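>>> Need a 3D model of the following:
(one chain, ligands or ions: 2)
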Amino acid sequence: MTPAKPRLTVIDTDPGIDDAIGILMALASPDFTIAGIMTVAGNIGLETTTRNAGRLLAFAGRGDIPVFQGAAAPLSRVGPEPLNLHGEDGIGGVALPDPARLPESQHAVEWLADFLLGEPAGTVDVLALGPLTNLARLVLEQPEAARRIGRIIAMGGAIHEHGNVGPCSEFNLWADPEAAAVVVESGLPLVLIPLDVTRRVRATRDFVETLAASEKPMASMVASLIESYFEAATNRESRPLHDPCVMLYALAPELFRIEELRLCVDTGGSDAAGALAIDPEGSPVQVALGVDGSGALHLLARCLSAGSTSASIG
Ligand code: BDR
Ligand code: CA
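Ligands and ions are numbered 1, 2, ... in the order given. Alright, predicted model coming up:
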């Protein structure tokens, strides 16, 4: 079931190939009104994630959506090295135009606080696709504004699955564990989309070929992005479509199985940093633990095929 009317939405992101797919999906869907894109360092440095956000908006012809640059580094640690799997430009070398406009001069966290204070409480959702540094800063610096968030849907963590950067640690939470702990413990309405779910949402070659043959530029661009994101080992399935699962959950929560878990975030210094533990003393979080993977892919294709027939390819 899709939402009755478009939700006011802010995307907090570190594009990133899978971020880019999620952003294009959201832009193609009439069910989101995207008020702004906030960037954070993660998959690659902040200058590049910010530029990539602008490039995606330019491609989609959405120069009306502002980009706000956020945190260049975690709350209290050194940031991660760029992840090779996203390529030198962070989006797999796929051809996108230059940004149509500069990022805004206001810091992302300040903008989000002002925006939340200017809208009715509970009406703005934040889709978090990267390390949680910006949201943690909002909670710490602007708690009154933070309390007005409708809900946060965040890709991050691993519950019963092994991690992707440490034995139990997933990249977004590992990159800034202190920020993840602040957000998890904040009491804000939080839906977490962990690896347990995202690893079940992978594109096949047939899926990509169908998208590539579409006359819709959003669909063929996503085909190119997924093409640069195949598992080198098998070459049969893409890497997990982590971040688009956030948009998919926002559009169709019925595709996911949710459980409330009490969670703690490991903020130690080892490779357990960012790991989640189920703990009776932990904070209650809605966690996606199951997904209808083929239903999710079907919805992704449906959104992209409904998108506009014009876009600008640089
Ligand atoms: C997460 O880490 C990043 O590499 C992806 O963009 C995704 O947000 C998956 O662990
Ligand atoms: Ca990401």
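
>>> Quick check: closest non-adjacent residue to the residue of the stretch 151-300 of the chain at minimum distance from ligand 1.
Nearest to ligand 1, among the residues of the stretch 151-300 of the chain, is Phe171, at 3.6 Å (C-beta to the nearest ligand atom). Quick note: C-beta positions are derived from backbone N, CA and C, even for glycine. Of all residues not flanking Phe171 in the chain, Val165 sits nearest, at 5.1 Å (C-beta to C-beta, 6 or more residues apart in numbering).

>>> Got phi/psi on that neighbour?
Main-chain torsions, Val165, degrees, to the nearest 10: phi -130, psi -20.

>>> buried stuff in stretch 289-298?
Of all the residues in stretch 289-298, those buried under the rule 16 or more other C-beta atoms under 10 Å are Leu289, Val291, Asp292, Gly293, Ala296, Leu297.

>>> which regions of the stretch 201-314 of the chain lie under the pLDDT threshold?
232-233, 307-314 (pLDDT under 70).

>>> So which bits of it are right by ligand 1?
Residues of the stretch 201-314 of the chain lying near ligand 1 by C-beta under 6 Å from any ligand atom: His242, Asp243.

>>> where's the residue of the stretch 201-314 of the chain found nearest ligand 2 relative to Asn134, distance?
Nearest residue of the stretch 201-314 of the chain to ligand 2, counting by C-beta to the ion: Asp243, 4.9 Å away. Using C-beta to C-beta, to the nearest Å, Asp243 is found at 15 Å from Asn134.

>>> More neighbours: which of these two?
Legend: neighbour count by other C-beta atoms under 10 Å for Asp243 and Asn134, higher for Asp243 (31 against 28).

>>> Would you mind confirming that that one makes contact with Ile21?
Yes: the pair Asp243 and Ile21 qualifies as a contact (C-beta atoms under 8 Å) at a distance of 6.9 Å.

>>> Enumerate the residues of the protein near ligand 2.
Asp14, Gly16, Asp19, Leu129, Gly130, Asp243 (C-beta under 5 Å from the ion).

>>> any idea how far the third one lies from ligand 1?
Meaning Asp19. Taking C-beta to the nearest ligand atom, to the nearest Å as the measure, Asp19 falls 5 Å from ligand 1.

>>> and if you look at the fourth one?
Spatial separation of Leu129 from ligand 1 under the definition C-beta to the nearest ligand atom is 5 Å.

>>> One more: Pro99?
Distance from Pro99 to ligand 1, by C-beta to the nearest ligand atom: 20 Å.
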